[in-house]
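1. take this sequence and fold it.
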Amino acid sequence: MADAKVRKTVKVASRLKFALVGLLVGLVIGVGGMLFVQNMGSSSKDAHVQPSVVFDRIVQKSELVSASQTYNITDKVSDVGTFFDLFDLPFTENSFWYRYVGTIKAGVDLEEAAFLRQGRTITVTLSQPYIVSNTPDMEASGVLEEANNIFNPIHVEDVDAFQRMCVEQSEEQVLNGGLMDDARANAEQDIRDMFTAALGDAYTIEFEWREAAEGEQG
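-> Model prediction:
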């Protein structure tokens, strides 16, 4: 009798065990199926994203700042009074040392971008990068030392003229340096990353740069 009760208890426990295992398997299959359907749905959605739509979204950014450079120009400015510009007047020289610090940013005008798709190759045509901004850091800029002269005092317009010269000099350095090359390379990488994020590796992204017009930056 005791053996019968034990066998009955074992059978009930076995059935309970199989029921729990079945329940767990069912849950796993159910959750897995739901995730599979969701993934299929999102993959199907991504597959229907057109490259032209991605390009339109990129163009909506209007401007792509792709490189920046900080500069520091320190120079001495001197002036001497003259007699009707015929000769210098003695004891009238003044001078000041000035440090001018700023940041230049270069970017690409995306509104001028063009798009061409041929099979699995996307070609993006861009205009040359240009100087987006040239912003001085007035906390770091200023007069370091000055030698004023009561007969020929330093005027505000002297400092303003030097600052304008620094702006011109900094932009010349950028145009003759490598900032524009960096801007082109970074713009290509940023745009390629945007296409890849939306389309995956299904397309090859190539770039063409328009020739800069005469007198145009870049």
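2. which stretches in the chain count as strands?
-> 63-79, 94-109, 114-118, 121-126, 130-136, 142-147, 204-209 (DSSP state E).
3. can you check which of those strands gets nearest to residue 185?
-> Set against residue 185 and scored by C-beta to C-beta, the strands of the chain come closest in strand 63-79, at 8.1 Å. All C-beta atoms are positioned from the backbone trio N, CA, C, and that covers glycine.
4. spatially nearest residue to the most centrally placed residue in the chain (excluding sequence neighbours)?
-> By C-alpha atoms, centre = their mean, the chain has its centre lying nearest to residue 66, at 4.2 Å. Residue nearest to residue 66 in three dimensions, not counting chain neighbours: residue 186, with 3.8 Å by C-beta to C-beta, 6 or more residues apart in numbering.
5. give me the beta-bridge partners of residue 131?
-> Beta bridges link residue 131 to residue 106, judged by DSSP bridges.
6. residue 106 is in contact with that one, correct?
-> Yes. Between residue 131 and residue 106 there is a contact at 5.8 Å, judged by C-beta atoms under 8 Å.
7. between these two, point out the one with more neighbours.
-> Between residue 131 and residue 106, counted using other C-beta atoms under 10 Å, residue 106 has the larger neighbour count: 28 against 18.
8. so what's the more buried one scoring on pLDDT?
-> Here, the pLDDT recorded for residue 106 equals 96.
9. pretty sure it is touching residue 65, no?
-> Yes. The pair residue 106 and residue 65 qualifies as a contact (C-beta under 8 Å) at a distance of 7.5 Å.
10. quick check: neighbours shared by the two?
-> Residues touching both residue 106 and residue 65 (C-beta atoms under 8 Å, 6 or more residues apart in numbering) are residue 132.
11. how about stretch 178-192 as PDB, C-alpha atoms only?
-> Output of stretch 178-192 as PDB, limited to C-alpha atoms (Å, rounded to 0.1, in the frame of the first residue of the first chain):
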ATOM      1  CA  GLY A 178      45.100  71.600 -44.400                       C
ATOM      2  CA  LEU A 179      41.800  72.600 -42.800                       C
ATOM      3  CA  MET A 180      39.900  72.400 -46.100                       C
ATOM      4  CA  ASP A 181      41.300  69.000 -46.800                       C
ATOM      5  CA  ASP A 182      40.200  67.900 -43.400                       C
ATOM      6  CA  ALA A 183      36.700  69.400 -44.000                       C
ATOM      7  CA  ARG A 184      36.400  67.400 -47.300                       C
ATOM      8  CA  ALA A 185      37.500  64.100 -45.700                       C
ATOM      9  CA  ASN A 186      35.300  64.600 -42.600                       C
ATOM     10  CA  ALA A 187      32.300  65.600 -44.700                       C
ATOM     11  CA  GLU A 188      32.600  62.400 -46.800                       C
ATOM     12  CA  GLN A 189      32.900  60.200 -43.700                       C
ATOM     13  CA  ASP A 190      29.900  61.900 -42.000                       C
ATOM     14  CA  ILE A 191      27.700  61.500 -45.000                       C
ATOM     15  CA  ARG A 192      28.800  57.900 -45.600                       C
END
